[in-house]
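> Just need the structure, nothing else, for what follows:
(chains A, B and C)
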Amino acid sequence: MPEGPSIVILKEAVELFSGKKVVSVSGNSKKIDLHRLPSQKVIAFRSWGKHFLICFKDFFLKVHFLMFGSYLINDRKPQDPRLSLVFKNGELNLYSCSVNLLEGTADELYDWSTDVMNDAWDPKAAKKKLKERPTALICDALLEQDIFSGVGNIIKNEILYRVKVHPESAVGKIPAAKLSRLIKEARIYSFEFLEWKKEYKLREHWLAHTKKTCKRCDLPFTLKHTGSKKRRSFFCTNCQILYN
DNA sequence: TATAATGTTTGAAC
DNA sequence: AGTTCAAACATTAT
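From the prediction side, this is the model:
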């Protein structure tokens, strides 16, 4: 569920509730005051990276699905929803996610240029931030939500394989042209992820994530928990260059 | 059945 | 006081 493109799919799927008034609310969320919601009209559903935003007039809900969150539209799971929003034309149920209510507007709080899925995505800003962290490993930097909002571990692994960069490469040692290519690929792959996910064909397009052998050279992949984030990296030590 | 996984925040420990 | 790290949360497939 969690990576940026999946949130874009959610945003599109709930468009039928955009502009609609919340009829009733329930859920086991302890962080928000559910009484704020009934009779409020949804102004927009938005996304910023892995954040799913439900915007009302003077406030908005920030939903994060973490590792296991899920949602159902006009359907329910056996367990209690974290938050359930009922509209005249249907309902949205959110499970095991984190929900926060923030005052003001999303535009006041978010920098849309960091979101790889957003039209405002600014690769130059990403490059600038990477230059400020020369000693960071690229596997960690790609997961930094302030640089690549929406990029998760799957996207990380696929990008690094595509651009032939070893996950433990130091950001500052990667040649400028290669780094630009990598930043560009962050957006390109994220959109391919989006299309494949919509067709339920995401997995079959993985070339690195969870893979055992490299399709390019036929040698076995390395699986290692890399960087300070210690997330799984699948990579080919033959094809992917280590810059250090 | 135990484990690990598309993730982040929190607060203790250093 | 700044950094690091484990714990917590929660679901599902292998």
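
> biggest helix in chain A, by residue count?
Longest helix of chain A, by residue count under DSSP state H: helix A:176-198.

> residues in contact with that one?
For helix A:176-198, contacts defined as Cβ atoms under 8 Å, 6 or more residues apart in numbering pick out A:3-6, A:8-9, A:116-117, A:121, A:123, A:126-127, A:130, A:138, A:142, A:148, A:150-151, A:154-155, A:158-160, A:162-163, A:165, A:171, A:174, A:202, A:204-205, A:243. Every residue, glycine included, has its C-beta placed from N, CA and C.

> ok and the residue in chain A nearest DNA strand C?
In chain A, the residue that lies nearest DNA strand C is A:Ser96 (3.0 Å; Cβ to the nearest atom of the strand).

> now that residue: how far from A:Lys50?
For A:Ser96, the distance to A:Lys50 equals 14 Å [Cβ to Cβ, to the nearest Å].

> who has more neighbours, the two?
It is A:Lys50, of A:Ser96 and A:Lys50, that has more neighbours when counted by other Cβ atoms under 10 Å, with 23 against 17.

> How about the contacts made by the more buried one?
A:2-4, A:7, A:64-65, A:145, A:149-150, A:152.

> burial count for whichever residue of chain A sits closest to DNA strand B?
For chain A and DNA strand B, the shortest gap (Cβ to the nearest atom of the strand) falls at A:Gly152, measuring 2.4 Å. A:Gly152: 22 surrounding residues under other Cβ under 10 Å.

> Per-residue pLDDT of it, please?
A:Gly152 carries a pLDDT value of 96.

> Over to A:Val25?
Model confidence at A:Val25, given as pLDDT, is 96.

> Report all helices and strands that the helix or strand that contains it contacts.
A:Val25 is part of strand A:22-26 when elements are defined by DSSP states H and E. With contacts taken as 3 or more Cβ pairs under 8 Å, 6 or more residues apart in numbering; DSSP states H and E, strand A:22-26 sits against strand A:83-87.
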